[in-house]
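[1] below: sequence and its predicted model.
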Amino acid sequence: APLSVHLRQLNLIRQAVPALQKGQYTVDSNYVSGNMAYVRRYTDSETDSLACVTVSGGATFKNIPNGKYVDAVTGDVQTVTNGTLTATCSGKGNARVYVCCASGFDGITGAIGETNLTYLK
């Protein structure tokens, strides 16, 4: 049952964040360094969604918009002021999904353990 609950919660994150559903991703070293880490972004006429993801171990995300980032897994909030976000992630399978809430991005409400996780447009 714990694994099923965890998978359901990860699916809620994916459903809530447009970048994770249909965004282009990059592992380019100009934007991300770390083991199993990437940046995804999706834009259309109504949405601009950015997510910084690390799946196993820490990662550093570079050249990203300044502002507030919320980890959809833990609810941790980081403020980026120099275009760089360092995400700590201990051990395998401890993903972090920092969603951009900077100017032009509305971000998310809730965290993985909450049922009201939604992406704000």
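    Structure received.
[2] when you work out contacts or count neighbours from here on, use the C-alpha atoms and nothing else.
    Fine.
[3] and the closest residue to residue 42 other than its chain neighbours, what does it touch?
    What sits nearest to residue 42 in space, not counting adjacent residues and going by C-alpha to C-alpha, 6 or more residues apart in numbering, is residue 23, at 4.1 Å. Residue 23 sits next to 40-43 when contact means C-alpha atoms under 8 Å, 6 or more residues apart in numbering.
[4] which parts of the protein are helices?
    Under the criterion DSSP state H, helices of the chain are mapped to 2-16, 18-22.
[5] buried residues in the longest one?
    Using 16 or more other C-alpha atoms under 10 Å as the test for burial, helix 2-16 gives 9-10, 12-14, 16.
[6] same check, this time on the last one
    The neighbour-count criterion (16+ other C-alpha under 10 Å) identifies 18-20 as the buried residues of helix 18-22.
[7] buried ones in stretch 51-70?
    For stretch 51-70, using 16+ other C-alpha under 10 Å, the buried residues are 51-62, 64-70.
[8] which ones among the residues you listed lie within strands?
    Using DSSP state E, 51-56, 59-61, 67-70 are the members of these that sit in strands.
[9] pLDDT-wise, what's the bottom of those?
    On pLDDT alone, residue 56 ranks lowest of these, at 80.
[10] touching, it and residue 88? I think so.
    No - with contacts counted by C-alpha atoms under 8 Å, residue 56 stays clear of residue 88, the gap being 9.6 Å.
[11] residues near residue 82, how many?
    Here the number of neighbours of residue 82 (other C-alpha atoms under 10 Å) works out to 12.
[12] that one: what's it in contact with?
    Going by C-alpha under 8 Å, 6+ apart, residue 82 touches residue 66.
[13] need the pLDDT of it.
    pLDDT, residue 82: 95.
[14] show me what contacts residue 19?
    Counting by C-alpha under 8 Å, 6+ apart, residue 19 has contacts 40-42, 49-51.
[15] re earlier: from the ones in strands among the buried residues of stretch 51-70, which is closest to residue 3?
    residue 55 (16.2 Å; C-alpha to C-alpha).
[16] no further questions, thank you.
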